[in-house]
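**Q** Please work out how this folds:
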Amino acid sequence: MSIPLAALVQGLLAASSLLVGAVLGIAWRPARSITAAIMAFGSGTLLSAIAFDITLPAYTSSGFWPLVVGFALGGTLFTVIVTYIDNQGGFIRHPSSSRRFLYHHRQDEASEVLDRIGHIEVLHSLSPAEMQAIIPLLKPLQVEPETVLCREGAPGSSMFLIVDGEAEIYKGQQRLAALGAGEIFGEMALLTGEERSATVLAKTSMELYELDKADFDAMLTYAPQISSGLSRILARRLRETTQSTTKPVLIDDDRWRRQVLDSVEVDIPISEQQFKELAQSSAPLAILVGTLIDNIPEALVIGFHTGLGHTGASFLMAVFISNIPEAMSSSIGMRQAGTSGGRILALWSGAVLLSGLMAVVGSLMVNVLSEWVLAVAQATAGGAILAMVASTMMPEAYEMGGGSITFSTIAGFLVSFYLASLAF
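**A** The predicted structure follows:
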């Protein structure tokens, strides 16, 4: 069998597990502990393969500096390309990249809201964590003059924060007071659900944020340690505001704003509708390309090994195992983005073929590159693979499986090391 053909076969064999993972992602979602164990075992095998199938041969042939250059280049290229792919909609292919996207999405959302309501003094009495908890619940609202925002005697179901405009408070036909930018009203309905004690009428066009009681109660259920404190502080602060003309002592606006943004949490659950919107904002092609970026370095290394006459059984096993959770997670993301099962399988079949072709390219590069440049190329692939393990596989495995993944990782490392030692 010719070298390019052998490289093609090995590349296709290693990448064929992408189809296995795709089928699992479409038809079956294994328990988190099982997925974590597979991912941790694959991480262990890849770490061993990087050390003994990539780093050691490159060091033996060309010394230490090609490793420094190659690993730095591979890690940088991987990070830059994957970041770009995530920004194009490929973020949902991994739980870790989804969480990063959600974190930045919530930071941007919080920054936009704070730009509009940061001048509302009563909010400054809330801690950054409490403020961050309610930001996702605020709904922007625009109303025209003469719009009734609260009607006396009606059930109270929300409170309002005035961004811009003016309103008037009426008790019966009597005008009691005026409200302007930076003030809030309807807060007791949020806390007690009691009937409105007065009517609030828009005097001018207004921009507001509305906080619905149902959403607030949902937050209470999810995180009582945060929301009960928010409820207590808000009630006390509002009582002080309505019963006293003393101006509150506020912390520095910029400092408070930074603290709120720094307190962004991704563990606060998003609604099913919000998740669907995030999934739909992802792009199936970007998901696929992002996964290919994870697999191309592996295919090239397989080609290098074939071109140099090495079997590389431990590396083949490492790639095969690590591809399963990779494709499974990506396929789940594609389904959530609305891609059909047939199209997902077709895309992954193309990915398998491309991986085989990249292995052929790797085998041909051996004949045209000098020993030093080939060592740098191997190290570049190794750096990219190590970046992938560090940024996705290990964090996700630990998040899903906890401390139990320690033993799966060790087992993967030892099995891969044993297979590599057979070639020593």
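**Q** how about Phe71, what does it touch?
**A** When contacts are counted by CB atoms under 8 Å, 6 or more residues apart in numbering, Phe71 touches Ala379, Thr380, Gly382, Gly383, Leu386. For the C-beta atoms, the positions are set from N, CA and C on the backbone; glycine is no exception.
**Q** I misspoke; the intended subject was Glu146.
**A** Leu201, Ala202.
**Q** Regarding it, what is its secondary structure?
**A** In terms of secondary structure, Glu146 is coil; the call rests on DSSP: H, G, I helix; E, B strand; the rest coil.
**Q** what pLDDT does it get?
**A** The per-residue pLDDT reported for Glu146 equals 92.
**Q** mind pulling up the phi and psi values for it?
**A** Dihedral pair for Glu146: phi 80, psi 10, per degrees, to the nearest 10.
**Q** returning to that earlier point: so which of the contacts of Phe71 comes closest to Ile120?
**A** Leu386 (47.8 Å; CB to CB).
**Q** which residue sits closest to the closest one in space, ignoring its chain neighbours?
**A** Setting aside the residues directly before and after it, Leu386 is nearest to Ile50 in space (CB to CB, 6 or more residues apart in numbering), at 5.6 Å.
**Q** show me the contacts for the one you found.
**A** Neighbouring residues of Ile50 by CB under 8 Å, 6+ apart: Gly382, Ile385, Leu386, Val389.
**Q** Now, those that are in helices?
**A** Gly382, Ile385, Leu386 (DSSP state H).
**Q** In JSON lines, list those residues along with distance to Pro4, neighbour count and pLDDT.
**A** Supplementary listing: the ones in helices among the contacts of Ile50 in JSON lines, determined by distance: CB to CB, whole Å; neighbours: other CB atoms under 10 Å; pLDDT from 0 to 100:
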{"residue": "Gly382", "distance to Pro4": "22", "neighbour count": "26", "pLDDT": "91"}
{"residue": "Ile385", "distance to Pro4": "22", "neighbour count": "30", "pLDDT": "90"}
{"residue": "Leu386", "distance to Pro4": "27", "neighbour count": "22", "pLDDT": "93"}
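**Q** so how far is Arg257 from Ile162?
**A** Ile162 is 19 Å from Arg257, where distance means CB to CB, to the nearest Å.
**Q** Between these two, which is the more surrounded one?
**A** Comparing Ile162 with Arg257 by neighbour count (other CB atoms under 10 Å), the higher total belongs to Ile162, at 22 against 18.
**Q** thinking Leu137 is in contact with Leu211, fair?
**A** Yes: the criterion here is CB atoms under 8 Å, and Leu137 meets it with Leu211 at 5.7 Å.
**Q** What residues of the helix or strand containing Phe413 count as buried?
**A** With the criterion set as DSSP states H and E, the secondary-structure element containing Phe413 is helix 405-421. Taking 16 or more other CB atoms under 10 Å as the basis for neighbour counts, the residues of helix 405-421 that come out buried are Ile405, Ser408, Thr409, Gly412, Phe413, Val415, Ser416, Phe417, Leu419, Ala420.
**Q** Of the residues you listed, just say which sits nearest to Glu399.
**A** Distance to Glu399, by CB to CB, is smallest for Ile405 among the buried residues of helix 405-421, at 9.4 Å.
**Q** residue contacts, the closest one?
**A** Contacts were defined as CB under 8 Å, 6+ apart; by that measure Ile405 touches Ala36, Ala37, Met39, Ala40, Ala397, Tyr398.
**Q** Mark which of those residues are part of helices, please.
**A** Counting by DSSP H, the contacts of Ile405 place Ala36, Ala37, Met39, Ala40, Ala397, Tyr398 in helices.
**Q** how close does the third one get to Gly382?
**A** In other words, Met39. Distance of Met39 to Gly382, given as CB to CB: 19 Å.
**Q** Surely Thr199 and Thr147 touch.
**A** No: here Thr199 lies out of contact with Thr147, judged by CB under 8 Å, at a distance of 11.4 Å.
**Q** who has more neighbours, those two?
**A** Thr199 (19 against 15).
**Q** Which strand residues bridge that one?
**A** According to DSSP bridges, the residues that bridge with Thr199 are Tyr170.
**Q** Tell me the buried residues in the top helix by length along the chain?
**A** Among the elements of type helix in the chain, defined by DSSP H, the one spanning the most residues is helix 341-368. Applying a neighbour-count criterion of 16+ other CB under 10 Å, the buried positions in helix 341-368 are 344, 347-348, 351-352, 354-360, 362-363, 365-366.
**Q** Please apply the same query to stretch 108-121.
**A** Judged by neighbour count using 16+ other CB under 10 Å, the buried positions of stretch 108-121 are Ala110, Val113, Leu114, Arg116, Ile117, Gly118, Ile120, Glu121.
**Q** per-residue confidence at the fourth one?
**A** What the model reports for Arg116 is a pLDDT of 81.
**Q** Begin at 171 from now on, thanks
**A** Okay, using 171 as the starting number, the last item reads as Arg286.
**Q** so which helix or strand takes in it?
**A** helix 265-287.
**Q** on contacts alone, who are the packing partners of that helix?
**A** The helices and strands touching helix 265-287, judged by 3 or more CB pairs under 8 Å, 6 or more residues apart in numbering; DSSP states H and E, are helix 235-257, strand 328-334, strand 376-382, helix 423-432, helix 442-450, helix 564-571.
**Q** Would you list the phi and psi of Ala185?
**A** With angles defined as degrees, to the nearest 10, Ala185 shows backbone torsions of phi -80, psi -10.
**Q** show me what contacts it?
**A** If you count contacts by CB under 8 Å, 6+ apart, Ala185 has them with Asn465, Ala469, Val489, Asn493, Ala521, Val522, Ser525, Gly526.
**Q** Return the member of those residues nearest to Thr362.
**A** Of all those, the one sitting nearest Thr362 is Asn493; the distance, using CB to CB, is 55.6 Å.
**Q** hang on, Val252 packs against Ile463?
**A** Yes: applying CB under 8 Å, one finds Val252 in contact with Ile463, separated by 5.9 Å.
**Q** And those two? Which one has more around it.
**A** The neighbour comparison of Val252 against Ile463 (other CB under 10 Å) goes to Val252, with 24 against 18.
**Q** Let me see the contact set for Phe587.
**A** Taking CB under 8 Å, 6+ apart as the definition of contact, the neighbours of Phe587 are Ser218, Phe222, Ser484.
**Q** Can you check the pLDDT for the second one?
**A** Going back to what we said before, that points to Phe222. Per-residue confidence at Phe222 stands at 89 (pLDDT).
**Q** Ok, the one 10 residues further on next?
**A** Per-residue confidence for Ser232 comes out at a pLDDT of 91.
**Q** How about the one 10 residues further on?
**A** Listed pLDDT for Ala242 reads 96.
**Q** Neighbours of it, how many?
**A** Residue neighbour count, defined by other CB under 10 Å, stands at 13 for Ala242.
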